[in-house]
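*Asks:* Structural data only, the sequence is not supplied:
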């Protein structure tokens, strides 16, 4: 699922392309600063002025799975996602098993799997950040303690690799699952986390958004393809509220 175990789980029949695992060692004084990398990223996607005009996002698309061993790929589900500043998100997935909702109201994370409600305080932080309408301006806020650690080849292209050591995760977990790789030439984010790759940037409301995100896993990959991206439509705050069945005890036990 988009939940990735998504938030919960993004080219079509293109096979999963693994990166070169070797990070090229460079003297730290030869690398750009975090500020320089992020400033270039902000400008690459459209600039601060354009990003600051976005307040909500509505996304619709479909999932392709088993993109490696099996042909043709299997379309497992369709999804919808909603985001609203400062930090509210909702993902809804539809497949043969029913409906799965994964939400965050800015404080509380939750999952509703066909009426079975449970807390999900952490969810998928990377995905919650990715669909934030102003995500390029919010990276350090969501992932504190960023450091430029070297250059990593992603599909044959050099990228600057940043790791957020200020998170609460163990250092090994952070280095494996929370790295961000920015193309040294374009400035765009092209990979994040563990075998997660971003493709097909398109300009929507003067801001670039990736319409394909591939999540690698053992035995293949799952790709999420965005068919529609709309900004700045009204989104009711109630959409992100935890379902009634979510109790404080359930959240504490999660």
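*Replies:* All right, it came through fine. Because the structure is predicted, anything quoted here is derived from the model rather than measured. Numbering: from 1, shown residues only.
*Asks:* Tell me what residue 199 is bridged to.
*Replies:* residue 212 (DSSP bridges).
*Asks:* swap in the one 5 residues further on?
*Replies:* Under DSSP bridges, the beta-bridge partners of residue 204 are residue 207.
*Asks:* so how many other residues sit close to it?
*Replies:* 17 (other C-beta atoms under 10 Å). Yep, even glycine has a C-beta here, placed from its N, CA and C like the rest.
*Asks:* Also residue 114?
*Replies:* The burial count for residue 114: 10, using other C-beta under 10 Å.
*Asks:* Kindly report the same for residue 232.
*Replies:* With other C-beta under 10 Å as criterion, residue 232 counts 13.
*Asks:* Would you confirm that it contacts residue 205?
*Replies:* Yes. Contact criterion C-beta atoms under 8 Å: residue 232 and residue 205 qualify, at 7.3 Å.
*Asks:* got any residues that touch both of those two?
*Replies:* Jointly contacting residue 232 and residue 205 under the rule C-beta atoms under 8 Å, 6 or more residues apart in numbering are 53, 54.
*Asks:* Would you mind measuring from residue 169 to residue 55?
*Replies:* 30 Å (C-beta to C-beta, to the nearest Å).
*Asks:* typo on my end, it should be residue 207
*Replies:* In terms of C-beta to C-beta, residue 207 sits 12 Å off from residue 55.
*Asks:* With residue 167 instead?
*Replies:* Residue 167 is 26 Å from residue 55, by C-beta to C-beta.
*Asks:* ok, now residue 77?
*Replies:* 28 Å.
*Asks:* residue contacts, the closest residue to residue 48 other than its chain neighbours?
*Replies:* Once flanking residues are discounted, residue 48 sits nearest to residue 42: 5.9 Å by C-beta to C-beta, 6 or more residues apart in numbering. Contacts for residue 42 (C-beta under 8 Å, 6+ apart) come out as 48, 51, 136, 137.
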